[in-house]
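[1] Sharing a model prediction with you, sequence too.
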Amino acid sequence: EERLVESGGGLVQFGGSLRLSCSVSDLPHRQYAIGWVRQAPGRGRVGIACIAVSDQTPFYRYNEEGRFTISLDTARNTAYLEIDNLKPEDTAEYYCGINYPYCGSSLLQYHTWGQGQQVTVSS
């Protein structure tokens, strides 16, 4: 079974940036898509972004301010989610997930999940 390992979370100051990583291994298929969701305390999961190996076109759920950037290094089987201009409302647990072969329309449903990374933004 595939394995997803996340890193990059932590405590960040308001207005700062951070980059989350999601490395995948033991993949059963060569074509896949990786995305992120987040879950704030007391709230449900919200889809953020997704990117597929097939064309590496990024899909975003809510990115009007352009603060989220998803990318994929296929040589390393690692996806990255960069978040700029962090705000306290970005405080949440962030989870990466993998789908085969494309991103789902909701950016919320994934086959397997990573362990999650807590991101806390101080005001």
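    Happy to help now that I have it. Numbers count the residues shown, from 1 in each chain.
[2] How much space separates residue 111 from residue 70?
    18 Å (C-beta to C-beta, to the nearest Å). Backbone N, C-alpha and C define where each C-beta goes, glycine included.
[3] between these two, which one's more packed in?
    A direct count of neighbours by other C-beta atoms under 10 Å for residue 111 and residue 70 places residue 70 higher, at 23 against 15.
[4] is it true that the more buried one lies in a helix?
    No: counting by DSSP: H, G, I helix; E, B strand; the rest coil, residue 70 falls outside a helix, being strand.
[5] where's the residue nearest to the spatial centre of the chain, which helix or strand?
    Taking C-alpha atoms, centre = their mean as the criterion, residue 36 is the residue nearest the geometric centre of the chain, at 2.6 Å. Following DSSP states H and E, one finds residue 36 within strand 33-39.
[6] So what are the sheet partners of whatever helix or strand comes next after that strand and their directions?
    Downstream of strand 33-39, the first helix or strand assigned by DSSP H and E is strand 45-52. According to DSSP bridges, strand 45-52 forms sheet pairs with strand 33-39 (antiparallel), strand 58-60 (antiparallel).
[7] List the buried residues of strand 45-52.
    Across strand 45-52, burial judged by 16 or more other C-beta atoms under 10 Å covers 47, 48, 49, 50, 51, 52.
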